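Engineer: Provided below for reference: sequence and predicted model.
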Amino acid sequence: MKPIATVLAMCILAAPVTAQDGAGTITGTLDLKPARWIVAGAGDEPTSGWAETDTGTEIRLVGTPDAQGDGGPGTLTLKMDVETGAVAARVSEVEVTLQRSDETWVSNSETIDLTLEAFQPSGNDVVVAGSFVTTVFADSVEGLAADSGKGLTIDGNFQATVPKASAP
């Protein structure tokens, strides 16, 4: 599995930055409608970034709606704690937040299925890629007791090269 992740990471690093229109992309569906976000890079507000922790790396990807898209899915933020070890990197905690107008939609590790396909530090940057499925809810939800009919389902793929930040 590690050789595949390394090859994928090298492909992402080799991709021209202008083709990504930012630090990367998050593509997929929002309630079964096509959606695409551009991952904000260094200097953009809000900012994506990563920082070292006691157990590995904390990554924050901030996706702003693609101007070429169908319009207004809202700002999407993926926060993940990646534990690095001798074998492979794995995600231990994850949170997805969707900011739409005056509403904030949130899901946490218990309701997110995230697969990390690539994690590769490269100087002051980290290359990360993967996929996720979740249902975000307008109200803060404890555990899995949420009524799935009241949430928004997001199914997406992400790939980005994010800079080191002091507090992602």
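Structural biologist: Received, thanks. The model shown is predicted, which means the values in this text are computed figures rather than measured ones. Numbers count the residues shown, from 1 in each chain.
Engineer: Neighbouring strands - and their directions - for the helix or strand harbouring Asp155?
Structural biologist: If you go by DSSP states H and E, Asp155 is part of strand 152-163. In the sheet, strand 152-163 lines up against strand 24-30 (antiparallel), strand 125-136 (antiparallel) (DSSP bridges).
Engineer: wait, which of the ones you listed is closest to Lys79?
Structural biologist: Closest approach to Lys79 among the strands paired with strand 152-163 (CB to CB): strand 125-136, 11.7 Å. Just so you know, the C-beta spots here come from the backbone N, C-alpha and C atoms, and that holds for glycine as well.
Engineer: mean confidence score for that closest one?
Structural biologist: Regarding strand 125-136, the rounded mean pLDDT is 95.
Engineer: same deal with stretch 53-65?
Structural biologist: Mean predicted lDDT for stretch 53-65 stands at 91.
Engineer: in it, what's buried?
Structural biologist: Neighbour counts over stretch 53-65 (16 or more other CB atoms under 10 Å) mark 56-65 as buried.
Engineer: Could you point out the member of these that lies closest to Ala160?
Structural biologist: Checking the buried residues of stretch 53-65 against Ala160 with CB to CB, the nearest one is Leu61 at 5.6 Å.
Engineer: For the protein, which segments count as helices?
Structural biologist: Along the chain, the segments classed as helices by DSSP state H run 2-14, 17-20.
Engineer: Out of those helices, which gets the lowest mean score?
Structural biologist: In terms of average pLDDT, helix 17-20 trails the rest of these, at a mean of 35.
Engineer: Alright, that wraps it up for me.
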